[in-house]
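Undergrad: Everything below, folded, please.
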Amino acid sequence: MATKTAGAKTSAAKKTAPRKALPAARRTAAAPATSPEPAPAPKKAARSRARRLPLPEVPSPVEMVKTVAKVIEDSPVGKAGAVTSAVLRSRRAAQLSRRVRNKHVVVTGASSGIGLDCALKLGAAGATVILAARTPSKLQETVDRIRANGGKAYAYACDLSDMADCDRFIQTVLDEHRHVDILINNAGRSIRRSVKHSFDRFHDFERTMQLNYFGALRLIFGFAPKMLERRSGHVINISSIGVLASPPRFSAYVASKAALDAFSWCAAPEFADSNVRFTTINMPLVRTPMIAPTKLYDALPALTPDEAAEMVMSAVIDKPKRVATGLGLTGAVAQAVAPGLSEFILNQAFRLFPDSAAARGAGDGDGESGPRSPADLARKLFAQVFSGVHW
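TA: A predicted model of the protein is given here:
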(Lines give C-alpha, C1' and ligand atoms only; values in the text may rest on other atoms or scores of the structure.)
Protein backbone atom coordinates (compact mmCIF):
# COMPACT_ATOMS: atom_id res chain seq x y z
CA MET A 1 0.00 0.00 0.00
CA ALA A 2 2.83 2.32 0.87
CA THR A 3 4.37 1.77 -2.46
CA LYS A 4 1.11 2.46 -4.29
CA THR A 5 0.48 5.63 -2.36
CA ALA A 6 3.95 6.90 -3.09
CA GLY A 7 3.45 6.22 -6.79
CA ALA A 8 0.15 8.09 -6.74
CA LYS A 9 1.74 11.06 -5.05
CA THR A 10 4.53 11.08 -7.54
CA SER A 11 2.03 11.10 -10.41
CA ALA A 12 0.05 13.94 -8.88
CA ALA A 13 3.20 15.92 -8.36
CA LYS A 14 4.08 15.57 -12.04
CA LYS A 15 0.61 16.81 -12.99
CA THR A 16 0.75 19.88 -10.73
CA ALA A 17 4.43 20.83 -11.40
CA PRO A 18 4.82 23.94 -13.58
CA ARG A 19 5.94 23.38 -17.15
CA LYS A 20 9.37 24.69 -18.18
CA ALA A 21 9.38 27.76 -20.45
CA LEU A 22 9.87 26.82 -24.07
CA PRO A 23 12.50 28.59 -26.15
CA ALA A 24 11.20 31.47 -28.33
CA ALA A 25 11.76 29.55 -31.56
CA ARG A 26 9.74 26.60 -30.27
CA ARG A 27 6.93 28.86 -29.04
CA THR A 28 6.66 30.38 -32.49
CA ALA A 29 6.57 26.99 -34.11
CA ALA A 30 3.91 25.88 -31.68
CA ALA A 31 1.68 28.89 -32.26
CA PRO A 32 -1.83 27.92 -33.35
CA ALA A 33 -2.84 28.31 -37.00
CA THR A 34 -5.39 30.96 -36.02
CA SER A 35 -2.71 33.45 -34.83
CA PRO A 36 -2.83 36.91 -36.54
CA GLU A 37 -0.78 37.56 -39.72
CA PRO A 38 2.80 38.72 -38.99
CA ALA A 39 3.83 42.33 -39.88
CA PRO A 40 5.64 42.94 -43.21
CA ALA A 41 9.29 42.07 -43.20
CA PRO A 42 11.60 45.04 -42.43
CA LYS A 43 13.41 44.60 -45.75
CA LYS A 44 10.21 45.07 -47.72
CA ALA A 45 9.36 48.22 -45.77
CA ALA A 46 12.81 49.63 -46.43
CA ARG A 47 12.49 48.80 -50.12
CA SER A 48 9.11 50.54 -50.22
CA ARG A 49 10.55 53.66 -48.58
CA ALA A 50 13.45 53.60 -51.05
CA ARG A 51 11.02 53.61 -53.97
CA ARG A 52 9.41 56.76 -52.61
CA LEU A 53 12.74 58.63 -52.43
CA PRO A 54 13.40 61.02 -55.37
CA LEU A 55 15.99 59.86 -57.88
CA PRO A 56 19.24 61.85 -58.00
CA GLU A 57 19.30 64.45 -60.78
CA VAL A 58 21.45 63.35 -63.72
CA PRO A 59 23.46 66.20 -65.29
CA SER A 60 22.83 66.95 -68.93
CA PRO A 61 25.50 66.10 -71.53
CA VAL A 62 26.31 69.82 -71.89
CA GLU A 63 26.86 70.18 -68.14
CA MET A 64 29.02 67.05 -68.12
CA VAL A 65 31.15 68.41 -70.96
CA LYS A 66 31.53 71.75 -69.15
CA THR A 67 32.53 69.96 -65.94
CA VAL A 68 35.14 67.85 -67.74
CA ALA A 69 36.44 70.93 -69.57
CA LYS A 70 36.74 72.79 -66.27
CA VAL A 71 38.67 69.91 -64.70
CA ILE A 72 41.03 69.82 -67.69
CA GLU A 73 41.53 73.60 -67.60
CA ASP A 74 42.42 73.51 -63.90
CA SER A 75 44.84 70.61 -64.30
CA PRO A 76 48.59 71.15 -64.91
CA VAL A 77 48.14 69.91 -68.47
CA GLY A 78 45.31 72.37 -69.07
CA LYS A 79 47.31 75.28 -67.65
CA ALA A 80 50.31 74.36 -69.78
CA GLY A 81 48.03 74.23 -72.83
CA ALA A 82 46.63 77.68 -72.03
CA VAL A 83 50.15 79.11 -71.82
CA THR A 84 51.11 77.48 -75.11
CA SER A 85 47.94 78.80 -76.76
CA ALA A 86 48.67 82.32 -75.50
CA VAL A 87 52.22 82.13 -76.90
CA LEU A 88 50.92 80.94 -80.28
CA ARG A 89 48.29 83.71 -80.38
CA SER A 90 50.95 86.29 -79.62
CA ARG A 91 53.15 84.90 -82.37
CA ARG A 92 50.30 84.92 -84.90
CA ALA A 93 49.42 88.49 -83.90
CA ALA A 94 53.01 89.53 -84.60
CA GLN A 95 52.94 87.75 -87.97
CA LEU A 96 49.67 89.44 -88.87
CA SER A 97 51.07 92.84 -87.93
CA ARG A 98 54.11 92.32 -90.14
CA ARG A 99 51.86 91.29 -93.03
CA VAL A 100 49.29 94.13 -92.91
CA ARG A 101 50.90 97.11 -91.16
CA ASN A 102 50.29 100.23 -93.27
CA LYS A 103 48.58 98.12 -95.95
CA HIS A 104 45.21 99.07 -97.43
CA VAL A 105 42.71 96.30 -96.75
CA VAL A 106 39.12 96.35 -98.07
CA VAL A 107 36.58 94.34 -96.06
CA THR A 108 33.04 94.02 -97.39
CA GLY A 109 30.10 93.23 -95.13
CA ALA A 110 32.07 94.86 -92.33
CA SER A 111 29.17 96.08 -90.20
CA SER A 112 28.47 92.73 -88.48
CA GLY A 113 29.48 89.09 -88.16
CA ILE A 114 32.72 87.85 -89.73
CA GLY A 115 33.43 91.15 -91.49
CA LEU A 116 33.19 93.13 -88.26
CA ASP A 117 35.59 90.84 -86.42
CA CYS A 118 38.01 90.86 -89.36
CA ALA A 119 37.98 94.65 -89.44
CA LEU A 120 38.71 94.90 -85.72
CA LYS A 121 41.60 92.42 -85.91
CA LEU A 122 43.12 94.09 -88.96
CA GLY A 123 42.80 97.54 -87.38
CA ALA A 124 44.53 96.32 -84.21
CA ALA A 125 47.34 94.86 -86.36
CA GLY A 126 48.09 98.22 -87.96
CA ALA A 127 46.28 97.99 -91.31
CA THR A 128 44.39 100.85 -92.89
CA VAL A 129 40.96 99.22 -92.98
CA ILE A 130 38.50 100.27 -95.68
CA LEU A 131 35.00 99.13 -94.74
CA ALA A 132 32.05 98.59 -97.05
CA ALA A 133 28.45 97.70 -96.18
CA ARG A 134 24.94 99.06 -96.77
CA THR A 135 24.24 100.67 -93.37
CA PRO A 136 26.25 103.86 -92.68
CA SER A 137 25.43 103.99 -88.95
CA LYS A 138 26.72 100.45 -88.31
CA LEU A 139 29.83 101.13 -90.38
CA GLN A 140 30.54 104.24 -88.33
CA GLU A 141 30.29 102.21 -85.12
CA THR A 142 32.97 99.85 -86.45
CA VAL A 143 35.18 102.77 -87.49
CA ASP A 144 34.82 104.35 -84.04
CA ARG A 145 35.83 101.08 -82.33
CA ILE A 146 38.94 100.72 -84.52
CA ARG A 147 40.00 104.32 -84.03
CA ALA A 148 39.39 104.12 -80.27
CA ASN A 149 42.07 101.40 -80.18
CA GLY A 150 44.51 103.51 -82.17
CA GLY A 151 43.77 101.99 -85.58
CA LYS A 152 43.04 103.57 -88.95
CA ALA A 153 39.68 102.96 -90.60
CA TYR A 154 37.44 104.48 -93.28
CA ALA A 155 33.84 103.57 -94.07
CA TYR A 156 31.92 103.75 -97.33
CA ALA A 157 28.26 102.85 -97.62
CA CYS A 158 27.75 100.65 -100.65
CA ASP A 159 25.15 98.23 -101.98
CA LEU A 160 27.38 95.57 -103.52
CA SER A 161 24.47 94.02 -105.42
CA ASP A 162 24.24 97.28 -107.42
CA MET A 163 26.98 97.34 -110.07
CA ALA A 164 26.85 101.13 -110.40
CA ASP A 165 27.31 101.47 -106.64
CA CYS A 166 30.25 99.07 -106.82
CA ASP A 167 31.88 101.22 -109.50
CA ARG A 168 31.35 104.36 -107.42
CA PHE A 169 32.89 102.66 -104.37
CA ILE A 170 35.92 101.44 -106.35
CA GLN A 171 36.61 104.86 -107.82
CA THR A 172 36.26 106.60 -104.42
CA VAL A 173 38.68 104.17 -102.77
CA LEU A 174 41.27 104.53 -105.55
CA ASP A 175 40.95 108.32 -105.50
CA GLU A 176 41.42 108.53 -101.72
CA HIS A 177 43.81 105.62 -101.07
CA ARG A 178 45.46 105.09 -104.50
CA HIS A 179 45.47 101.29 -104.33
CA VAL A 180 44.27 98.24 -102.40
CA ASP A 181 46.70 95.62 -101.11
CA ILE A 182 44.20 93.05 -99.81
CA LEU A 183 40.56 92.59 -100.84
CA ILE A 184 38.37 90.46 -98.56
CA ASN A 185 35.09 89.63 -100.32
CA ASN A 186 33.02 88.77 -97.27
CA ALA A 187 29.58 90.24 -98.01
CA GLY A 188 27.06 87.61 -98.99
CA ARG A 189 23.45 86.52 -99.02
CA SER A 190 22.19 83.06 -98.09
CA ILE A 191 18.85 81.47 -98.95
CA ARG A 192 17.68 78.16 -97.46
CA ARG A 193 14.87 76.80 -99.61
CA SER A 194 14.38 73.50 -101.44
CA VAL A 195 14.13 73.50 -105.22
CA LYS A 196 10.50 72.35 -105.21
CA HIS A 197 9.57 75.48 -103.26
CA SER A 198 11.64 77.67 -105.63
CA PHE A 199 9.91 77.00 -108.95
CA ASP A 200 8.15 80.38 -108.76
CA ARG A 201 11.08 82.19 -107.08
CA PHE A 202 13.65 82.59 -109.85
CA HIS A 203 14.61 85.91 -108.28
CA ASP A 204 16.21 83.99 -105.36
CA PHE A 205 18.87 82.76 -107.76
CA GLU A 206 19.25 86.15 -109.40
CA ARG A 207 19.81 88.06 -106.18
CA THR A 208 22.29 85.56 -104.71
CA MET A 209 24.30 85.64 -107.93
CA GLN A 210 24.10 89.43 -108.03
CA LEU A 211 25.71 89.90 -104.60
CA ASN A 212 27.74 86.76 -104.00
CA TYR A 213 29.22 86.49 -107.48
CA PHE A 214 28.78 89.61 -109.60
CA GLY A 215 29.35 92.07 -106.74
CA ALA A 216 32.55 90.31 -105.64
CA LEU A 217 33.71 89.99 -109.25
CA ARG A 218 33.12 93.70 -109.87
CA LEU A 219 35.42 94.59 -106.96
CA ILE A 220 38.11 92.20 -108.18
CA PHE A 221 37.94 93.78 -111.64
CA GLY A 222 38.12 97.24 -110.08
CA PHE A 223 41.11 96.68 -107.77
CA ALA A 224 43.12 94.00 -109.64
CA PRO A 225 44.63 96.30 -112.32
CA LYS A 226 46.51 98.28 -109.66
CA MET A 227 47.59 95.03 -107.98
CA LEU A 228 49.04 93.77 -111.26
CA GLU A 229 50.70 97.13 -111.91
CA ARG A 230 52.33 97.11 -108.46
CA ARG A 231 53.03 93.35 -108.70
CA SER A 232 51.53 92.81 -105.27
CA GLY A 233 48.08 91.91 -104.05
CA HIS A 234 45.88 89.34 -102.36
CA VAL A 235 42.20 88.52 -103.00
CA ILE A 236 40.42 86.51 -100.28
CA ASN A 237 36.95 85.19 -101.10
CA ILE A 238 34.77 83.99 -98.23
CA SER A 239 33.04 81.00 -99.78
CA SER A 240 31.09 78.19 -98.13
CA ILE A 241 31.61 74.62 -96.99
CA GLY A 242 28.49 74.01 -99.08
CA VAL A 243 30.58 74.24 -102.26
CA LEU A 244 32.48 71.17 -101.07
CA ALA A 245 29.64 69.27 -99.35
CA SER A 246 26.65 70.30 -101.56
CA PRO A 247 23.96 70.31 -98.85
CA PRO A 248 20.32 70.21 -100.00
CA ARG A 249 18.13 73.35 -99.82
CA PHE A 250 21.07 75.66 -100.62
CA SER A 251 21.12 75.40 -104.41
CA ALA A 252 20.85 79.19 -104.93
CA TYR A 253 23.49 80.10 -102.33
CA VAL A 254 25.96 77.32 -103.15
CA ALA A 255 25.70 77.93 -106.90
CA SER A 256 26.65 81.61 -106.45
CA LYS A 257 29.60 80.76 -104.21
CA ALA A 258 30.72 77.96 -106.52
CA ALA A 259 30.79 80.45 -109.41
CA LEU A 260 33.16 82.73 -107.48
CA ASP A 261 35.32 79.75 -106.47
CA ALA A 262 35.59 78.59 -110.07
CA PHE A 263 36.50 82.07 -111.30
CA SER A 264 39.24 82.39 -108.67
CA TRP A 265 40.76 79.00 -109.45
CA CYS A 266 40.86 79.89 -113.14
CA ALA A 267 42.21 83.41 -112.64
CA ALA A 268 44.89 82.52 -110.08
CA PRO A 269 47.35 80.97 -112.56
CA GLU A 270 47.10 84.09 -114.76
CA PHE A 271 48.05 86.33 -111.82
CA ALA A 272 50.63 84.08 -110.15
CA ASP A 273 53.77 85.46 -111.82
CA SER A 274 52.65 89.00 -110.90
CA ASN A 275 52.64 88.10 -107.18
CA VAL A 276 48.87 88.53 -106.92
CA ARG A 277 47.35 85.65 -104.94
CA PHE A 278 43.83 84.25 -104.58
CA THR A 279 42.58 82.44 -101.48
CA THR A 280 39.24 80.67 -101.17
CA ILE A 281 37.89 80.07 -97.67
CA ASN A 282 35.17 77.39 -97.59
CA MET A 283 33.70 78.66 -94.35
CA PRO A 284 31.64 76.29 -92.18
CA LEU A 285 28.45 77.35 -90.40
CA VAL A 286 29.04 80.57 -88.40
CA ARG A 287 26.64 82.08 -85.88
CA THR A 288 26.02 85.43 -87.59
CA PRO A 289 22.92 87.54 -88.38
CA MET A 290 22.81 85.81 -91.77
CA ILE A 291 21.72 82.47 -90.22
CA ALA A 292 19.62 83.99 -87.41
CA PRO A 293 16.26 83.71 -89.28
CA THR A 294 16.66 79.91 -89.39
CA LYS A 295 15.77 78.98 -85.80
CA LEU A 296 16.80 75.39 -86.46
CA TYR A 297 20.43 76.57 -86.29
CA ASP A 298 20.05 77.73 -82.69
CA ALA A 299 20.60 74.15 -81.51
CA LEU A 300 23.33 73.24 -84.04
CA PRO A 301 27.09 73.61 -83.59
CA ALA A 302 28.58 76.67 -85.31
CA LEU A 303 31.71 78.78 -85.22
CA THR A 304 31.69 82.15 -83.51
CA PRO A 305 32.47 85.19 -85.68
CA ASP A 306 35.78 85.50 -83.81
CA GLU A 307 36.76 81.92 -84.72
CA ALA A 308 35.77 82.52 -88.34
CA ALA A 309 37.78 85.76 -88.42
CA GLU A 310 40.82 83.84 -87.16
CA MET A 311 40.53 81.61 -90.23
CA VAL A 312 40.58 84.72 -92.39
CA MET A 313 43.60 86.11 -90.54
CA SER A 314 45.44 82.83 -91.14
CA ALA A 315 44.69 83.26 -94.84
CA VAL A 316 46.06 86.81 -94.75
CA ILE A 317 49.29 85.59 -93.15
CA ASP A 318 49.95 82.38 -95.08
CA LYS A 319 48.25 83.12 -98.45
CA PRO A 320 47.12 79.53 -99.07
CA LYS A 321 45.11 78.51 -102.13
CA ARG A 322 42.27 77.19 -99.97
CA VAL A 323 41.24 77.21 -96.30
CA ALA A 324 38.72 74.49 -95.43
CA THR A 325 37.72 72.20 -92.59
CA GLY A 326 38.44 68.47 -92.64
CA LEU A 327 34.74 67.70 -92.99
CA GLY A 328 34.42 69.96 -96.02
CA LEU A 329 37.37 68.30 -97.76
CA THR A 330 35.97 64.88 -96.84
CA GLY A 331 32.67 65.84 -98.46
CA ALA A 332 34.45 66.87 -101.66
CA VAL A 333 36.42 63.61 -101.77
CA ALA A 334 33.29 61.56 -101.05
CA GLN A 335 31.44 63.19 -103.95
CA ALA A 336 34.36 62.46 -106.26
CA VAL A 337 35.05 58.89 -105.11
CA ALA A 338 31.64 57.63 -103.92
CA PRO A 339 28.96 59.88 -105.40
CA GLY A 340 26.18 57.37 -104.76
CA LEU A 341 26.94 57.10 -101.04
CA SER A 342 27.32 60.87 -100.79
CA GLU A 343 23.94 61.39 -102.43
CA PHE A 344 22.30 58.87 -100.07
CA ILE A 345 23.64 60.71 -96.98
CA LEU A 346 22.55 64.08 -98.35
CA ASN A 347 19.09 62.68 -99.11
CA GLN A 348 18.76 61.55 -95.50
CA ALA A 349 19.71 65.08 -94.42
CA PHE A 350 17.12 66.50 -96.83
CA ARG A 351 14.40 64.38 -95.22
CA LEU A 352 15.61 64.99 -91.68
CA PHE A 353 15.85 68.80 -91.84
CA PRO A 354 12.58 70.24 -93.19
CA ASP A 355 11.98 73.51 -94.99
CA SER A 356 11.06 76.35 -92.67
CA ALA A 357 7.51 77.67 -92.66
CA ALA A 358 8.71 80.83 -94.42
CA ALA A 359 10.44 78.77 -97.13
CA ARG A 360 7.21 76.84 -97.69
CA GLY A 361 5.28 80.10 -97.92
CA ALA A 362 3.34 79.26 -94.75
CA GLY A 363 4.31 82.34 -92.74
CA ASP A 364 7.24 84.14 -91.19
CA GLY A 365 8.03 81.57 -88.50
CA ASP A 366 10.71 78.99 -88.85
CA GLY A 367 8.55 76.05 -88.00
CA GLU A 368 11.22 74.37 -85.90
CA SER A 369 10.07 75.36 -82.44
CA GLY A 370 8.11 73.03 -80.20
CA PRO A 371 8.66 70.16 -77.76
CA ARG A 372 11.60 67.87 -78.15
CA SER A 373 10.87 64.86 -80.35
CA PRO A 374 12.86 61.89 -81.67
CA ALA A 375 13.30 63.84 -84.91
CA ASP A 376 14.83 66.76 -82.99
CA LEU A 377 17.32 64.43 -81.32
CA ALA A 378 18.14 62.81 -84.66
CA ARG A 379 18.78 66.22 -86.21
CA LYS A 380 21.11 67.21 -83.38
CA LEU A 381 23.01 63.93 -83.66
CA PHE A 382 23.28 64.31 -87.44
CA ALA A 383 24.47 67.90 -87.06
CA GLN A 384 27.07 66.86 -84.48
CA VAL A 385 28.46 64.18 -86.77
CA PHE A 386 28.53 66.56 -89.76
CA SER A 387 29.40 69.65 -87.71
CA GLY A 388 29.67 72.92 -89.63
CA VAL A 389 27.62 71.98 -92.70
CA HIS A 390 24.61 74.15 -93.54
CA TRP A 391 21.55 71.91 -93.17
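Undergrad: name the element L219 belongs to?
TA: helix 216-230 (DSSP states H and E).
Undergrad: Which positions within that helix qualify as buried?
TA: Buried residues in helix 216-230, counting neighbours by 16 or more other Cβ atoms under 10 Å, are found at 216-220, 222-224, 227. Backbone N, C-alpha and C define where each C-beta goes, glycine included.
Undergrad: Going by distance to D159, which of the residues you listed wins?
TA: D159 has its nearest neighbour among the buried residues of helix 216-230 in R218, at 11.6 Å by Cβ to Cβ.
Undergrad: Would you check that that closest one makes contact with C166?
TA: Yes: look at R218 against C166 with Cβ atoms under 8 Å: they come within range, at 4.2 Å.
Undergrad: ok, R189 - contacts?
TA: 161, 207-208, 211-212, 253, 290 (Cβ atoms under 8 Å, 6 or more residues apart in numbering).
Undergrad: pLDDT-wise, what's the bottom of these?
TA: For the contacts of R189, the weakest pLDDT value sits at M290, with 62.
Undergrad: how many other residues sit next to the nearest residue to I130 once chain neighbours are set aside?
TA: For I130, ignoring the flanking residues on the chain, the nearest one in space by Cβ to Cβ, 6 or more residues apart in numbering is V106 at 4.6 Å. Neighbourhood size, V106 [other Cβ atoms under 10 Å]: 27.
Undergrad: circling back: so what secondary structure elements neighbour the helix holding L219?
TA: If contacts are counted by 3 or more Cβ pairs under 8 Å, 6 or more residues apart in numbering; DSSP states H and E, helix 216-230 sits against strand 104-108, helix 163-177, strand 182-185, strand 233-240, helix 251-271, strand 276-283.
Undergrad: circling back to that earlier point, ok, so of the buried residues of helix 216-230, who is nearest I345?
TA: Using Cβ to Cβ, A216 is the member of the buried residues of helix 216-230 that sits closest to I345, with 30.2 Å.
Undergrad: The closest residue to the closest one other than its chain neighbours - how many residues pack around it?
TA: Spatial nearest neighbour of A216, excluding adjacent residues (Cβ to Cβ, 6+ apart): N185 at 4.0 Å. Using other Cβ under 10 Å, N185 has 25 other residues around it.
Undergrad: Check the gap between N185 and L211 for me.
TA: N185 sits 10 Å away from L211, going by Cβ to Cβ, to the nearest Å.
Undergrad: show me where pLDDT drops low in the stretch 201-350 of the chain?
TA: Within the stretch 201-350 of the chain, the ranges that satisfy pLDDT under 70 run 289-301.
Undergrad: what bridges to R277?
TA: Per DSSP bridges, the residues bridged to R277 are H234.
Undergrad: Report how many residues lie close to it.
TA: Neighbours around R277, by other Cβ under 10 Å: 19.
Undergrad: ok now do it, which residues does it touch?
TA: 233-235, 268, 271, 319.
Undergrad: in stretch 262-273, what's buried?
TA: Of the residues in stretch 262-273, 263-264, 267-268, 271 count as buried by neighbour count, 16+ other Cβ under 10 Å.
Undergrad: Can you give the contact residues for that stretch?
TA: With Cβ under 8 Å, 6+ apart as the test, stretch 262-273 has contacts from 213, 217, 220, 224, 227-228, 233, 235, 237, 277-278, 280, 321.
Undergrad: is it possible to export those to a markdown table including distance to S97?
TA: Output for the contacts of stretch 262-273, formatted as a markdown table (distance: Cβ to Cβ, whole Å):
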| residue | distance to S97 |
| --- | --- |
| Y213 | 33 |
| L217 | 30 |
| I220 | 26 |
| A224 | 25 |
| M227 | 22 |
| L228 | 26 |
| G233 | 19 |
| V235 | 21 |
| N237 | 24 |
| R277 | 19 |
| F278 | 23 |
| T280 | 24 |
| K321 | 24 |
